[in-house]
Structure formats: structure tokens, C-alpha cells
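S.K.: Task: produce atomic coordinates for the following.
(chains A, B and C, ligands or ions: 2)
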Amino acid sequence: MRHVITLSLLLYLLPAHSRAAETASDIIRKVDGNQVFSTETFKAKMVIAKDKRTLTKTFYGYGQKQDMKSFMEFTNPEDKGVKYLKLDDELWIYFPDADDVMKISGHMLRQGMMGSDISYEDMLENDSIEEKYDSRLLEDKQVDGRECYVVELQAKKPDVTYDKQVIVVDKVWYIPLEIELYARGGRLLKTMKQSEVQKLGERFVPMRITIRDMRRRNSQTVVTFEEIAFDGKVPAKVFTKGYLKR
Amino acid sequence: MTYLFKLALKNILRSKIRTVLTFLILSFGVGIYILFACLMAGFDKESIVNVIDFETGHYKVRSANFDEDQPYDKDGSLANAMAVKERLRNLDFITAMTERLMFLAEIDNGVDSIPVVAIGIGPDDNTVFNLKKYVKTGGLEPGGTIIGKALADDLGLQLGDVTFLTFRNQQGMYTSVEVLITGLIVTANPQVNKASAFINLDEAQQLMNTRKVTEIALKTDAFFKVKEYEPKIKAALSDVDARVYSWEKLSEDFRALMTMKRKFQNVLVLMIMIIAIVGIINTMLMSVFEKKREIGTMKALGFTDKEVQNLFLVEGALIGVAGGLAGLVLGTLFNAYFAFVGFDMDAMFGEEDFGMPVMGVVKSVWLAGAYVNAMVFTLVASVLASYYPAKKVTKMEAMECLRTVQ
Amino acid sequence: MLLEVKNLSKTYYSGKIPFQALRAVSVSIAKQEFTAIAGPSGSGKTTLLNCLGTIDRAESGQILLEGMDLMGQTKNELAALRKENFGFIFQTYNLIPVLTVFENVEMPLKILRRFSAAESKKRVLAILAKVGLQGLENRRPLELSGGQQQRVSIARALVKNPKIIFADEPTANLDSANGEAIVDLMRELNEQEEATFIFSTHDPLIMKHAKRIINIRDGMIVS
Ligand SMILES: Nc1ncnc2c1ncn2[C@@H]1O[C@H](COP(=O)(O)OP(=O)(O)OP(=O)(O)O)[C@@H](O)[C@H]1O
Ligand SMILES: [Mg+2]
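M.R.: Ligands and ions are numbered 1, 2, ... in the order given. Here you go, the predicted model:
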């Protein structure tokens, strides 16, 4: 849990919602709370559809929530051995063909990871919602037959990535089923849908994430988790640059 | 010697098709070389003018933080443009200044999105740059953009269509703005044609949420006086956060590339010349074998080996000089066309640019050096090319020559 | 004696196989002689003429031109010597095709560099008149008949008044009438110009015009 104090302060200051039900902040907090884990281990498949072509990539990875570290390695034949390492706000990539570790920076950040609709920038996103956004509850809506809250987040200052976010949160699971990301100027840039929610222990986990860049109409990227486990033991060495080149 | 000279001349003037052919190849080679050299010099001149007119101005002043390797990626903008301008105003050789704000953006039509450099230009941009020269249709209007024609084609957009520019502003927030395409630009630089969008400076600043600019571009009364002016500009700006770049520095990479291409072109020219030389050697060798009996006769008549050898050397040199001179005339004729009418890049290559830093009609220049080179080279080369065949003559015994049946 | 040859021997090598073309030939030629070297094909006529004319080298013996031995001379010395003293007439005429009749005949004078343009022109025209080619000065060799070409070649050999004129089968490429006309001409010039002729032939018709005949067989003089 980040910045508990700020959040509670925020909650205090938020205008009480007329429905006397949960406030937008409550919801966001619950969503956030739902994502508490120390480590994660996953195996996933990414299907990138562009016009009529589709590319399928497989990878596995580890994440460590607290220090915002993550590691990924691709296993499909075309990209076998390509590895990503995220350390806080830095992203490193290793190409086995070149046997070289490279920092992704500058204009490269805007490119899609492995040609997908997930930009490297998206991977580095660490914005704290509670701190940087004003939240507001909009009218409820149904997604795939499930009752959802709709929370609109409006940036307080123009120093966050997205000016506005609209998050559609399942009322029972407290999982965002849809996220819309808007640019300053009001344009919808990206949408993210989470589905195939499964219960893993106490936790509800969406196994399928669909990302669309609205500027590229004919493309979408679907990530499906084939295996996912939380709070297991992850070797610390995977989060080092040395491990990339191993 | 004069007699040998006359003999050689008669040999050539009354010679066979082969000699005529060698002469033609040689003169054609020289002509092509001259045309090539002059045309290339024309290209060079034009491309330098292009670079200055469109990209570099005479000088640019940027922040010391500006990252030349990854331009516009990070915030390398000039914080104190006012102070810079104030100081430059005292330098009387600076005739104009204009500010530009550059940032990385993506342009999209809702289907495809292409990375571009967005360039905010002020109303006084034309005092330093000559954008107008490259704008094919339209111009810059409020709320509008001028984009590369190639870029527009890639996105299937036309003049009057609406497109989106998306970028992260100074503070990092995604900003997306709808802009009207009010102008299309075609330059010789494919990078510019495929990846740039010009917008109004005030709009750019508003969108980026900044008052800063990326650079101040300068024009002076003489662009070639870099050595004289650059230190003065630097001195004037010594107490502010600013770095001065001359057009020479700014076009360094580009000119290095030009030199590299030139080397490659020189190899091509060299090949033409080698072919011409091989032609001479071949002609002379054939001539030597064909004239074996004549050689024997001349030796019997009392010509020394040296005299006969010289006869062939002179013959080769004459073919060289004549071919060279004819080549000069031919080259002059070829080049005259391109110097007066010009070379229409668009008609020749269409949209294909081949990485040439020029476009439109390029006019060739007259390069005295090319003439000197061609003449010296052909003379030396043809004498050298005749040397071996002539040397062979010396080795031949008069008796052996006479015995040959032809 | 104008020319004295003593024990001249010449061996050809075709590859490593030696062939002795001249075997200790000794012969003397006096001024204004008109000598035919006669012999069957392969007997060594050409070889002898070439060696005497210094366009081929014998390996042993002596060739004395007015008492001066030519055997030890360098290539360049021999070239200068030929330029001054010898004229040549070839079986195949060997005119320079790109030059006119006039220019061909003029050539020996040109390389002697001794004559003014006017004088050399006078000489050329005179000798051309003597060989009966007036009016053909500007023709090219290929525009002439064989007999005419050989006349040009005779004119060329004679124009500088050399001490000796060597003629290897000068009539072999001509029909007998023309051949005889050519020897007649040579004979005439031999008288008028006091020129010394040594020519080879195996044609008895031609031989009879000679003042003296040297018979050669298998590289040896037979009398
Ligand atoms: N370069 C050479 N190499 C080898 N043998 C040669 C060479 N030149 C000539 N011979 C040989 O020397 C001999 C004399 O040759 P030469 O040419 O002097 O004869 P010839 O009397 O002039 O004959 P012809 O009447 O046929 O002209 C011949 O047997 C010939 O085969
Ligand atoms: Mg013979």
C-alpha cells in the first residue's frame, strides 16, 4: 500500500457521494488493495493482431511489487532469449543475436514492445493514482453481464501521463474490467480490458488482458496468462543486468 | 622527333576503325567524367544550399543541455531565449533570428500512427529559413500543420484533411490535438518528408505547456564566414546557457556522407577510365602485332629501336590527347545542357530519392578542376598504356618481324 | 673491296634443335656489282642476305664493309650503318600502307635528316621518275599493282644512294614479264646510279640478267 496517509487524507476531503454508497476513492483503494502481492511469477501468451496478420509470442516472467522490478523472457522460437528487465523507471532489453544489453530510452520508449500495442512507456508507468488524480463516480454500467462502478480520474496537474482515466470496476471482485486512457485534449488514446477472471486463493485475477491503441484502429494485443502465482519465492538475481546476459 | 610525330599522326589519321573506337571510348569516358564531376559539384552546391535554407540556417543557438545524439528526447530547450536574443542583437552581421520549438510526436489518422518531429515555427521563420521554397501546396495557418508529402501519402491524407498529433508535453502528459493539414512539403531530405510536422510556434508552446524554445536560428550577411563570425557569436553568448552551432557543424554528418558517396562515385569514374586505358593498351598491342612487318621494314631502313618505340608512344599519347580534348568538348556540351537547363530530379527519379540531398531542378556547375584532372589523367594514362606495347616493339628482331606472313 | 665476307656461319634454333643455315660462307662483292644469289628453296639465300644486311646476326665469321668489321657492332650502331649505307627491297614490297608513294620514298631521307625539304622532294621526284611512277606520288601502296609497288620499294631503296642494295627475291611475287621489267630497272639503275645490287632469286629468267651469280646450296657456296 502506497501513501496510506495521503490517501486517507484524500478520502476525507472528497465530497461524499449522494448515493451514500462507496466513494470513488474507496473503490480505487479497494482495487489497489486487491493487487497487493510481494512477488508474482507468470507464464503468458501475447497475441498481436495487426490488420489481418497475427503474431503470437510466449514469455514467462517475475515481478516484485515493492521495488517495481520485473523480468521477462520470451520463449517463442522467433524471439527466443529476448529479455526485458525493469528496474524502477529504467527498462533494459537483451537481444541474444547481438548479445547486447541496451537501455530503452528517448524516442524508443514510444515504440510498442515487440511490436505490440503496449508501449515501453506503458511498462514504465508508475503514476500513483491517489496522489495525482481527482476521482469521481459516474453512472454504473454492466460489463459482460456484471455490475460495475465507473470511476473517472482527472489529473490534478499536467505532470501525469494521462489527463483522464475512466476505470470500470467490478462491484464484487474490485477488479477493473475496463480502463480508458485519455490524452490532454480529450482524445481516447488507449483502452484496456481485463477478462476471464479467476479466483486464486483469496484473490481474483484476470487471466486475459486486451489492449488497444485507438490511434491504430486495426491492431490489438491480447495477453493471456497461462500460469500465474503470487508471493512465491523469486530469485533476487533475476532482477540484475548481469542476469540478462547470462 | 618531328618526323616521328608526323608519322604517328598519319598513322592515327589514316587509321582503322579500332583506333577510332578507342578514341571514341576515351573521349566519351572523359566527357562523362567531366559531366559527372560538374554535375556532382552542382549537386553539392545545391544540397548545401538546401541544408542551410531548410535545416540549419547559418547558425543555431541551443541550450547546453541539448542532447545531440537524441535530439528532442529530453528537455534540452533554451530557457533564456530573450537573453540570448538581446545579446545577439548587438552583432551587426546577424541579419535575422527566429525561434523554433521542436519535440517528438506521433501523427495518426486513427488507423496508423507514425513518429514525427513536430516543429513550431514563428511568423518570422522566413527571415532565416526558406520553407516556402519547399512547400508544394498550401501554407501554415492557425490550427494547421504543414507535413511532408511522403508522410501524408503514407497516411493516405491530403491537403484539407484532419489528422492528430499526439505527444507528451513538457510535464510528461499525453496530449493529443486535432490539426488541419494546410500545407504539404517536399524537400530533398527524405527524413524531413517522412517525419516532420510544422505547426505555429505559439500553438506548439501552448500544447507543450511551455514558454521555452528549442533553438534560435540565425542568419548572417555571409554564411561562409564561419571562422570569423562563430567566435564572435560565442563570445557574445559566453555568459548565458547557450551553445552555438554553425551550419558547417550542423551539416557535418551529412557532408561526411556526401564525401563518402563521392568516393564511391570516384570509383565509378575510375572504372570508366580503366576501361578506356585497357582500350588503349589493346589498340596499341593489336597495332604493334599488325604492324610487325612495318616495324621490321623501318628497322631495316635504319630506325633505331628507340625511334620505333617512340613512334608508338607518340601514337598512344596522340590518341590520348585527341581523345581527351574531344572528351573535354563532349563533356562541355553535355554539361552545358545541365548547367543551363538543369537536371530534373523529379522527372528522372520520380518520388524515389536515392538519398540524394537535392530535388527539383539541379543545375550543374563548371568545375575547372575536372578539366585539368581529365586532361592530365588521359595524357599520363595513354602514354603509360602505350608504354608496354611500345616496349614490346624494341624486343622484336627486324628479321623476325619481316619473316611474319600476313 | 666493298663488302668482304669470311667464313660466315649461322645456326637457327627451332626450340633446342639447331639448324645450320650458313656454313662458313666466304664471298666478296665489289662496287657496282649486280650479283644474284641463286639456289633452291631453303638453301640459305634469305639468311645470307639478312646477315649481310645486318638485320640478322651470324654467329661467327666476318663481314667487312669497306674494311670495317660489322660483326661486333651494337644494334644501334648497325641501325645507323644501315641508315647510311644500305637499301632494301623485299619480296613483299613492305611499303608503309598509311603513307603515300611519295612519303614512302621520302622516309629514308627523313631519317637521315641531312636533306632540306626542297632537296629531298627533288630527289624523291627524280627517283620516282626514274622508276616510272611520275604522277602516282600521292597514291597509297594499296592503290598500286604489285609491279608498281615494287618500283616504289626500289625507289625507296635507292633514294639515298646507298652503298649496297639488298633485294630478297624482288620478283617472286610478280609475273614473269613484270619480274623481268623489275630486274631490268634494277640493272638500269645499277648502271646509271652506280648502285651495288645483291639480290636473291631462284628464277633462271631473272638470273640471266645478273652480271655475276653466286650459287648457294645447303648453306654453302658452290661455284
Ligand atoms: N627462324 C628460323 N628458324 C629455324 N630455321 C630457319 C629459320 N629461318 C630459316 N630457317 C631454315 O634455314 C634454311 C635457310 O632458309 P632461307 O630462308 O635462308 O632459305 P631460302 O634459300 O631463302 O629459301 P627460299 O627460296 O624458300 O626463300 C631453311 O632450311 C630454313 O628452313
Ligand atoms: Mg628466301
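S.K.: how about the helices in the chain?
M.R.: Reading this off chain A. In chain A, the segments counted as helices under DSSP state H are A:4-13, A:24-34, A:120-124, A:129-132, A:241-244.
S.K.: should've been chain C
M.R.: Assigned by DSSP H, the helices in chain C fall at C:45-52, C:75-85, C:101-112, C:117-130, C:146-158, C:176-192, C:204-207.
S.K.: residues of the second one that come out buried?
M.R.: Using 16 or more other C-beta atoms under 10 Å in any protein chain shown as the burial criterion, the residues of helix C:75-85 that qualify are C:75, C:78, C:79, C:81, C:82, C:83, C:85. Any C-beta I mention is one placed from the backbone N, CA and C, and that applies to glycine too.
S.K.: and what of the last one?
M.R.: By neighbour count with 16+ other C-beta under 10 Å, helix C:204-207 contains the buried residues C:206, C:207.
S.K.: Centre of the chain to it, how far?
M.R.: Centroid displacement of helix C:204-207 relative to its chain, using C-alpha atoms, centre = their mean, to the nearest Å, is 17 Å.
S.K.: on that earlier part again, distance to residue B:3 for the buried residues of helix C:75-85 - can I get that in TSV?
M.R.: Shown next, in TSV, are the buried residues of helix C:75-85 (distance: C-beta to C-beta, whole Å):
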residue	distance to residue B:3
C:75	20
C:78	20
C:79	15
C:81	20
C:82	17
C:83	13
C:85	20
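S.K.: For chain B, state which of the residues you listed is nearest.
M.R.: residue C:83 (2.5 Å; C-beta to the nearest C-beta).
S.K.: Could you report the pLDDT at residue 229?
M.R.: Just going to use chain A. As summarised for this prediction, residue A:229 has a pLDDT of 86.
S.K.: Sorry, I should have been clearer: chain B.
M.R.: Per-residue confidence (pLDDT) for residue B:229: 88.
S.K.: Helix or strand: which one has it?
M.R.: Using DSSP states H and E, residue B:229 sits in helix B:226-236.
S.K.: sorry, back to before: could you say which one of the helices of chain C comes nearest to residue B:41?
M.R.: Evaluated over the helices of chain C, closeness to residue B:41 peaks at helix C:101-112, with 47.0 Å, by C-beta to C-beta.
S.K.: Would you mark the buried spots in the closest one?
M.R.: Under the neighbour-count criterion of 16+ other C-beta under 10 Å, helix C:101-112 has C:101, C:102, C:103, C:104, C:105, C:106, C:107, C:108, C:109, C:110, C:111 buried.
S.K.: Which member of these is positioned nearest residue A:174?
M.R.: Out of the buried residues of helix C:101-112, the member with the shortest distance to residue A:174 (by C-beta to C-beta) is residue C:103, at 114.6 Å.
S.K.: give the contact list for that closest one.
M.R.: For residue C:103, the contacting residues are B:10, C:96, by C-beta atoms under 8 Å, 6 or more residues apart in numbering or on different chains.
S.K.: Then residue C:78?
M.R.: C:54, C:70.
S.K.: Model confidence for it, exactly?
M.R.: Residue C:78 is assigned 92 on the pLDDT scale.
S.K.: go on, residue A:128?
M.R.: Per-residue pLDDT puts residue A:128 at 67.
S.K.: With residue C:207 instead?
M.R.: On pLDDT, residue C:207 comes in at 89.
S.K.: who does the residue nearest the centre of chain C bridge with?
M.R.: Central residue of chain C (C-alpha atoms, centre = their mean): residue C:166, 1.8 Å from the mean position. Counting by DSSP bridges, residue C:166 forms beta bridges with residue C:88, residue C:198.
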